[in-house]
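> Give me the fold of what follows.
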Amino acid sequence: MGNDILSFLRKSKAKIDEFILEALPAEDPVPEIELLFAMMREYPLRPGKGLRPALCLLTCGAFGGNSDKALTTAAALELFQNWIVIHDDIEDGSELRRGLPVLHLQYNSPLAINAGDALAGKMWEVLLGNREIVGPQKGFAILREFTVMLNKTTSGQHIELSWVDKNRWDLSEEDYFLMCRNKTAWYTAVAPMRLGAIIADAPEKTLTMMVDLGLKLGVAFQIQDDVLNLVGSEEKYGKEIGGDIQEGKRTLIAIHLYNHADEGERSRITEIMNKPRQDKTPQDVKEILSLMRKYGSINYASDFAHRLSAEAKEMLGELPFDGDPLYREMLQQLVDFVVSREL
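Numbering: from 1, shown residues only. Okay, the predicted model is just below:
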């Protein structure tokens, strides 16, 4: 294994994609079912980073486990990501996913919801294969981790959707962190690391240590994602630039702006951000971006992400790894990549 995290991510993603595409059905004599199969394969066929499965595989290897035995679980993590974002795109009214139109705009919302449901079912089916790979006891422990991850993710998503639904802006940074820890951090970092460690037979004390580490890393990932949404390249980012403003999302950037703006600016911010997506104009987006720059909100969030990443890296160094040191080195590189990435 080389010491280049980007190379590892590419190889890991290719292996995961091969596993998933072999697991997903492709043909059926009934045309409607064949369309469902095509929709299920749509997001897995699109380019992506594969951070979550890579984190699972690297953690397993770092603790002396056989990363090949983690492949099924890592693939299930990627399936989780695929079906959850199909539903997320509908809930947020997004337009692009991985550089292409979202599934519900390619087809329609009912069909996309059903395809997401079908992928969720396939995820659980894939996980059942762990009974033969890692044994029934460990296989059940992996299933339990997935149920916790699902409960955390949907509760965090509900918090964020509720803020938009109720037009709430009386939010603190801690409100954002609570939402983000549940919605993003748990399935982005906490669960992948714990799953890899479980497969490698890491002790319970180590699994507990991974929660705080993973929460810091996952929140850093989300903040960096929010920054890229405003200043990144649409070609690299894969989603529409300024989409969070279009969707009225309460990011750390937006909350920082609202809490530092004067009374007149706050009124204008809420007027624009509370508009339905279809009513927002390009000028509205530019106005909010201009205010974010005026108050240094984007730089504030970026600096915060880097601090969290540094704390996560320090905590990573405290874990009792006993596997190949190259896996630990890759994990350290992955932590850095989370906040340095441009895609």
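> Below-threshold pLDDT in this protein: ranges please.
Within the chain, the segments meeting pLDDT under 70 span 1-3, 232-240, 342-343.
> how near is the residue positioned nearest the centre of it to residue 5?
In the chain, the residue lying closest to the centroid (C-alpha atoms, centre = their mean) is residue 188, at 4.9 Å. The spacing between residue 188 and residue 5, counted by C-beta to C-beta, to the nearest Å, is 16 Å. Any C-beta I mention is one placed from the backbone N, CA and C, and that applies to glycine too.
> before we move on, back to that, contact partners for the residue nearest to the centre of the chain?
The contact partners of residue 188, by C-beta atoms under 8 Å, 6 or more residues apart in numbering, come to 51, 52, 214, 217, 218, 221, 222.
> what's the burial count for the spatially closest residue to the last one that is not a sequence neighbour?
This points to residue 222. Nearest residue to residue 222, sequence neighbours excluded (C-beta to C-beta, 6 or more residues apart in numbering): residue 184, at 4.2 Å. Applying other C-beta atoms under 10 Å, we find 22 residues neighbouring residue 184.
> Wasn't residue 184 part of a helix?
Yes - judged by DSSP: H, G, I helix; E, B strand; the rest coil, residue 184 forms part of a helix.
> For stretch 287-307, buried residues please.
Buried residues in stretch 287-307, counting neighbours by 16 or more other C-beta atoms under 10 Å, are found at 287-289, 291-292, 295, 297-298, 300-302, 304-306.
> Stretch 308-322 too?
Quick answer for stretch 308-322 (16+ other C-beta under 10 Å): 308, 309, 311, 312, 313, 315, 316, 319, 321.
> can you check stretch 336-343 too?
Neighbour counts over stretch 336-343 (16+ other C-beta under 10 Å) mark 337, 338, 339, 341 as buried.
> ok, for residue 111, nearest residue in space, not its chain neighbours?
The shortest distance from residue 111 to any non-neighbouring residue, by C-beta to C-beta, 6+ apart, is to residue 39 (6.6 Å).
> How far off centre is the longest helix along the chain?
Ranked by residue count under DSSP state H, the longest helix found in the chain is helix 136-165. The chain centroid and the centroid of helix 136-165 are separated by 13 Å under C-alpha atoms, centre = their mean, to the nearest Å.
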